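Visitor: Pasting a predicted model and its sequence here:
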Amino acid sequence: MSEPKRSLPTKLECSEFTLFIDRDGVINEPIVDDYAKTPEDFVFCEGAIKALGELKQLFARVILVTNQQGVHRQVMSEKDLENVHLKMYNGLKDSGIEYFDAAFFAPYLKTVNHGWRKPSIGMLEKAKSYFPSIDSSKCIMVGDSPGDMALADSFGAIKAKISNPQFSFDNQDYEFKNLSEFVSFLSK
């Protein structure tokens, strides 16, 4: 990995930053070549709940941005996705953790090249319409895929990769084993 282009904020500086975060492979365990189509399929990554609670305390905003092409492929409905996200919400709530400041999903196929689907910046632009104070130079994108990092490049955000053996790329500013390691790094 090359030297990071930009430094991650210090613990105190995080309160001025927006954190955009991917779901599959970051918050929940990835399912290779499939989707978390039901609440039973959704399993939090080890330490993710605690890490999300800490991130909510550190950052001005934490916003979920996730591609969910399984909806467009009709292997799951938007209601199914809603139920999966309800399980995530309840898991956080049961641990006393506030949910995301906003959550966006792109149900479109990769081949459609829709403006909301990562690596396009549509979801981040929509977030900015809700939170006009979002400054792309004070944003971090945490994800596990090349699309997440390309999205960060297009938006001007810092790129934090969560390792996932399904993806082999080296276009990140930082790499972490999981969200807990990311939080530990920020908390130094």
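Guide: Ah, there it is.

Visitor: if we look at the lengthiest helix in the chain, which residues are touching it?
Guide: Determined from DSSP state H, the single longest helix within the chain is helix 78-94. Applying C-beta atoms under 8 Å, 6 or more residues apart in numbering, the contact partners of helix 78-94 are 23, 27-28, 36-39, 41-42, 44, 49, 52-53, 68, 70-71, 98-99, 103, 105, 107. From N, CA and C alone the C-beta is placed, and that goes for glycine too.

Visitor: The next helix-or-strand element following that helix - contacts with which helices or strands?
Guide: Next in sequence after helix 78-94, counting helices and strands by DSSP states H and E, comes strand 102-106. Counting contacts by 3 or more C-beta pairs under 8 Å, 6 or more residues apart in numbering; DSSP states H and E, strand 102-106 packs against strand 61-67, helix 122-130.

Visitor: returning to that earlier point: tell me the angle of the longest helix of the chain relative to strand 102-106?
Guide: Put simply, helix 78-94 runs at 150 degrees to strand 102-106, going by axes from the mean of the first three to the mean of the last three C-alpha atoms, to 10 degrees.

Visitor: Okay, buried residues for helix 78-94 please.
Guide: Buried positions in helix 78-94, judged by neighbour count with 16 or more other C-beta atoms under 10 Å: 80-81, 83-85, 87-88, 91-92.

Visitor: what do you get for stretch 179-188?
Guide: So for stretch 179-188, counting by 16+ other C-beta under 10 Å, buried means 179-183, 186.

Visitor: quick one, which of the helices and strands packed on strand 102-106 is packed in tightest?
Guide: strand 61-67 (a mean of 23; mean count of other C-beta atoms under 10 Å).

Visitor: Tell me which residues are up against stretch 21-34.
Guide: 35-36, 41-45, 48, 52, 55, 62-66, 88, 100, 118, 141-145, 148, 162, 164, 166, 179.

Visitor: Quick one: the strands in the chain, in order.
Guide: In the chain, the segments counted as strands under DSSP state E are 18-21, 61-67, 102-106, 139-143, 158-162, 174-176.
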